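**Q** Have a look at this prediction, sequence included:
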Number of protein chains: 2
Amino acid sequence: MIEKIFDIHHKSSDGKARTGVLHLPHGDVQTPVFMPVGTNATVKAMPKDFLEEIDFEIILANTYHLYLRPGADLVEEAGGLHGFSKWNRNFLTDSGGFQVFSLSKLRKITDDGVKFQSNIDGSYHFFTPENIVQTQTKFNSDIQMQLDVCTGYDEPRKEAERALRITSDWLVRAKKEWEIQREKGYKGYLFPIVQGHFSEDLRKQSAEFVSSLEMPGIAIGGLSVGEPHEVFTQFMNYTCQYLPEEKPKYVMGIGTPEYILDAVQAGIDMFDCVLPTRNARNGSYFTHNGMLSIKQERWTHSFEPVDKECNCKVCRTYTRSYLRHLFKEQEILSSILASYHNLYFLHNMVKEIRQAINEDRFEQYRAEFLKRFSSGNV
Amino acid sequence: MIEKIFDIHHKSSDGKARTGVLHLPHGDVQTPVFMPVGTNATVKAMPKDFLEEIDFEIILANTYHLYLRPGADLVEEAGGLHGFSKWNRNFLTDSGGFQVFSLSKLRKITDDGVKFQSNIDGSYHFFTPENIVQTQTKFNSDIQMQLDVCTGYDEPRKEAERALRITSDWLVRAKKEWEIQREKGYKGYLFPIVQGHFSEDLRKQSAEFVSSLEMPGIAIGGLSVGEPHEVFTQFMNYTCQYLPEEKPKYVMGIGTPEYILDAVQAGIDMFDCVLPTRNARNGSYFTHNGMLSIKQERWTHSFEPVDKECNCKVCRTYTRSYLRHLFKEQEILSSILASYHNLYFLHNMVKEIRQAINEDRFEQYRAEFLKRFSSGNV
């Protein structure tokens, strides 16, 4: 019997959105939650003081990168990801599966595992469902993900079927290995991943199989891989209906306001994305009225904050004019301040979402937010 | 009559070192003082929160860069450098003279001023002693520097003579323009620059001329331009003997512990350098036992702080192992943390120097510091 890690606090009367609390080894996490991505055990351009200041309760790190450098043994020796990075709240790590497909030069999937060539030095590596659980256990991840096989949007049906079959087999093996690690004292949780490409029958089959294993939470993978927004929403909602209501649900790789609002509407509790910080480094700021590109000429003499309604220290302190100057001069401070603002913005948005759900007005919040956000009236 | 901005607090009984306080428009500054360089109105990789946390009272910005981009008018419109960058303590700006010589593609010095081509877009510009005072007045610099003509270490005597003659003429013109700006309400101070290359007679002549004008403080330029360390020390000391004791003295462009200790020993009160932050971005950390290159293989499994005796938050939090990882992965956080540490280290060293002077044991402090620092036993 797997212990329960999730308490639903309030179910919105106007839809499937809900608030809750995830109980994890490094503290509770209020849901819905946006998790910033800290690929190399650092959220890019964000000192951990700033993450604590914003009050994130969980961040993500990438197994593929950390496995290659500095390596799982070193991270373990340092006291896991927490001891290594000194981020003492929760870490979720992905399985590396997605990066094997998106980054590595060569990959060969067999029933046993996936062989690939490092994108860094061309060395060969072999991931199995078991060794990926072991790796994430060395990281002491609070939530770890099973190794899965991702499929792109254009993949033929036959490939999607094969990917799902292997993903399901790997889940059984990953679960077994995770149980062994738990017996040895590991406190983190393993989440399975629903795959099934963009075929309803495969999605249903995967969702039902994953649900039958009674894992601590469930992730939905294979979405946000290049499909149109409405296809994403359709398949996320389609998948959710076959998942048990009481489990925390995580949609991987989304982080724009529109996608987050859709995910929450579908009853999703967790999401992550590199976009807020990557956009930041490219000078793109979230505002209530849409995206603001700080490089634009028109901000040269603008002594207004990026977003008047934002209470983050960047908006309370700096002008568009100064931020534009920093971006144009390629100052590191530009990346720092833009990352701070974008992460604060999403964190605050998700906080407002939780409040709206608790007050049974999520649909109203969503409609109002989207109306302004799509106005582009920055 | 020019108002007095400097109070000497204590003269060391064991030499020329002294402590004091500079009274500037944006607050008092304890001396000796190391000033971090914020070229583009930002100290590279350092959010201003961190500069405040370390407790710097003055930072430097570069007139050449800010004149070219974003331009003095914009900075003025933003409320000067303080309004633009939101750094509300003091700014010292250089005159741009040094960058005209080190960065610009083409330069032509006449008695009137210097014509040069921008290193950014090839556009032509003309600096005069007057318009450089006007520019720094638009910046609202707390201390501004006169336009001067720099000479390299290998310059022939004839060039050095010409450079000094022009620098002296320009000082008279700069002073006149500064007095006009003061009449109009500008609160900042103008510092003259002693030149004279590596010729004792020229240095003496320049020092005496500069002293005769009774300016608020005095800078020594044209040192640390490629000469051996002992030549630097010799000419700094030689120059100082012709400068009035009661004036604050500033040696431009030095920022290693050895040079700082030599400068303080010579009775210098102020210094600045890009080195601590540039070194930081290259993974080079100051420690009490010498420079530590974080990229070295041998720190892979080192879970010690960079410097056990350093109380900065980087040393109190992170290991060499993690900092090496960040550097190897070219993470922005590497530049942030290394810059923080190096600036903290120098700030703290200068604080210890002040205490040692006040307790009449500067020479002892200097000897002990240098002995350990040169050990290389990191």
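**A** Arrived safely, thanks for sending.
**Q** looking at it, A:Ala266 is touching A:Phe235, isn't it?
**A** No. Applying Cβ atoms under 8 Å, one finds A:Ala266 not in contact with A:Phe235, separated by 10.0 Å. (Each C-beta comes from the backbone N, C-alpha and C, glycine too.)
**Q** Residues of the stretch 1-150 of chain A that sit close to chain B?
**A** Contact residues, the stretch 1-150 of chain A versus chain B (Cβ under 8 Å from any Cβ of the partner chain): A:40-42, A:44-47, A:49, A:65, A:69-70, A:74, A:77-78, A:84-86.
**Q** May I have the phi/psi pair for A:Tyr124?
**A** phi -100, psi 140 (degrees, to the nearest 10).
**Q** Number of residues surrounding it?
**A** Neighbour count for A:Tyr124, taken as other Cβ atoms under 10 Å in any protein chain shown: 10.
**Q** For it, list each beta-bridge partner.
**A** Per DSSP bridges, the residues bridged to A:Tyr124 are A:Gln117.
**Q** Verify the stated contact: it with A:Phe116.
**A** Yes. With contact defined as Cβ under 8 Å, A:Tyr124 and A:Phe116 form a contacting pair (7.4 Å).
**Q** residues shared between the contacts of A:Ala266 and A:Phe235?
**A** In terms of Cβ atoms under 8 Å, 6 or more residues apart in numbering or on different chains, A:Ala266 and A:Phe235 are not both contacted by any residue.
**Q** Give me the pLDDT value at A:Gly3.
**A** Quick fix: residue A:3 reads Glu, not Gly. Looking at A:Glu3, its pLDDT reads 81.
**Q** From A:Met35, how far out is the closest residue to it other than its chain neighbours?
**A** Leaving aside its sequence neighbours, A:Glu3 sits nearest to A:Pro216 (Cβ to Cβ, 6 or more residues apart in numbering or on different chains; 7.3 Å). When distance is defined by Cβ to Cβ, to the nearest Å, A:Pro216 is 16 Å away from A:Met35.
**Q** Quick one: neighbours of A:Gly20, just the number.
**A** Based on other Cβ under 10 Å, the number of other residues close to A:Gly20 is 20.
**Q** would you say it is within a helix?
**A** No. Per DSSP: H, G, I helix; E, B strand; the rest coil, A:Gly20 lies outside any helix segment and is strand.
**Q** Bridge partners for it, pull those for me.
**A** Here A:Gly20 shows beta-bridge partners A:Ile8, A:Thr31, assigned using DSSP bridges.
**Q** Tell me if I'm right that it and A:Ile5 touch.
**A** No. Counting by Cβ under 8 Å, A:Ile5 is not a contact partner of A:Gly20; they are 10.2 Å apart.
**Q** Need the overlap of contacts for the two.
**A** Counting by Cβ under 8 Å, 6+ apart, the common neighbours of A:Gly20 and A:Ile5 are A:Pro248.
**Q** Mind telling me what element the residue nearest to A:Glu3 is part of?
**A** For A:Pro216, there is no enclosing helix or strand under DSSP states H and E.
**Q** can you tell me which residues contact it?
**A** Taking Cβ under 8 Å, 6+ apart, we find A:Pro216 in contact with A:2-6, A:143, A:189-191, A:247-248.
**Q** From chain B, how far out is A:Ile294?
**A** In this view, A:Ile294 and chain B are 13 Å apart by Cβ to the nearest Cβ, to the nearest Å.
**Q** I should have written A:Asp121 there, sorry.
**A** 12 Å.
**Q** what's the pLDDT at the residue nearest to A:Glu3?
**A** A:Pro216 is given a pLDDT of 98.
**Q** Ok, the one 5 residues further on next?
**A** What the model reports as pLDDT for A:Gly221 is 96.
**Q** Next, count neighbours for the residue lying closest to it once chain neighbours are set aside.
**A** Excluding its sequence neighbours, the residue lying closest to A:Gly221 (Cβ to Cβ, 6+ apart) is A:Ile193, at 4.1 Å. A count of nearby residues for A:Ile193, using other Cβ under 10 Å, gives 28.
**Q** Give the bridge partners for A:Ile193, please.
**A** A:Ala219.
**Q** and it, what is it in contact with?
**A** Neighbours of A:Ile193 in contact, by Cβ under 8 Å, 6+ apart: A:95, A:145-146, A:148, A:167, A:171, A:210, A:219-222, A:252.
**Q** contacting residues around A:Gln30?
**A** Contacts of A:Gln30 (Cβ under 8 Å, 6+ apart): A:19-21, A:57, A:354.
**Q** Can you name the two of these that sit furthest apart?
**A** Farthest-apart pair in those is A:Thr19 and A:Glu57; separation 13.8 Å (Cβ to Cβ).
**Q** quick one: A:Gly222 and A:Leu202 touch, right?
**A** No. Applying Cβ under 8 Å as the test, A:Gly222 and A:Leu202 come out as separate, 9.6 Å apart.
**Q** which residues do these two both contact?
**A** What both A:Gly222 and A:Leu202 touch, as defined by Cβ under 8 Å, 6+ apart, is the set A:195-196.
**Q** Which of those two has more residues huddled nearby?
**A** Neighbour count, other Cβ under 10 Å: between A:Gly222 and A:Leu202, A:Gly222 has more, with 31 against 21.
**Q** Look up how far A:Leu164 lies from the more buried one.
**A** According to Cβ to Cβ, A:Gly222 stands 9 Å off from A:Leu164.
**Q** Quickly list what's touching both of these two.
**A** Overlap of the contact sets of A:Gly222 and A:Leu164 (by Cβ under 8 Å, 6+ apart) consists of A:195-197.
**Q** Could you provide those in a markdown table, with additional columns for secondary structure, distance to A:Glu309 and neighbour count?
**A** A markdown table is the format used below for the shared contacts of A:Gly222 and A:Leu164 (DSSP: H, G, I helix; E, B strand; the rest coil; distance: Cβ to Cβ, whole Å; neighbours: other Cβ atoms under 10 Å in any protein chain shown):
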| residue | secondary structure | distance to A:Glu309 | neighbour count |
| --- | --- | --- | --- |
| A:Gln195 | coil | 40 | 30 |
| A:Gly196 | coil | 40 | 28 |
| A:His197 | coil | 40 | 24 |
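**Q** can you narrow those to ones near chain B?
**A** Among those, not one lies near chain B by Cβ under 8 Å from any Cβ.
**Q** Looking at the stretch 151-300 of chain A, what residue ends up closest to chain B?
**A** A:Thr300 (6.9 Å; Cβ to the nearest Cβ).
**Q** List the residues that contact that residue.
**A** Counting by Cβ under 8 Å, 6+ apart, A:Thr300 touches A:321, A:324, B:70, B:74.
**Q** Quickly note the distance from it to B:Arg69.
**A** Noted for A:Thr300: a distance of 11 Å to B:Arg69, by Cβ to Cβ.
**Q** my read: A:Thr137 touches A:Gln181, true?
**A** Yes. Shown here, A:Thr137 and A:Gln181 form a contact pair, counting by Cβ under 8 Å, at 4.5 Å.
**Q** Among those two, which residue is more densely surrounded?
**A** Taking other Cβ under 10 Å, A:Thr137 and A:Gln181 do not tie; A:Thr137 has more neighbours (24 against 19).
**Q** Show the pLDDT at A:Gly255.
**A** Confidence score, pLDDT, at A:Gly255: 91.
**Q** Same question for the one 4 residues further on.
**A** Per-residue confidence (pLDDT) for A:Tyr259: 97.
**Q** Would you agree A:Trp299 is in contact with A:Tyr318?
**A** No. Judged on Cβ under 8 Å, A:Trp299 makes no contact with A:Tyr318 at a distance of 11.6 Å.
**Q** For the stretch 251-378 of chain A, which segments count as helices?
**A** In the stretch 251-378 of chain A, helices defined by DSSP state H, counting those that start in this stretch lie at A:257-265, A:275-281, A:313-317, A:320-328, A:332-358, A:362-373, listed in chain order.
**Q** Would you mind measuring from the spatially closest residue to A:Pro276 that is not a sequence neighbour to chain B?
**A** Leaving aside its chain neighbours, A:Pro276 sits nearest to A:Asn342 (3.9 Å; criterion: Cβ to Cβ, 6+ apart). For A:Asn342, the distance to chain B (Cβ to the nearest Cβ) stands at 14 Å.
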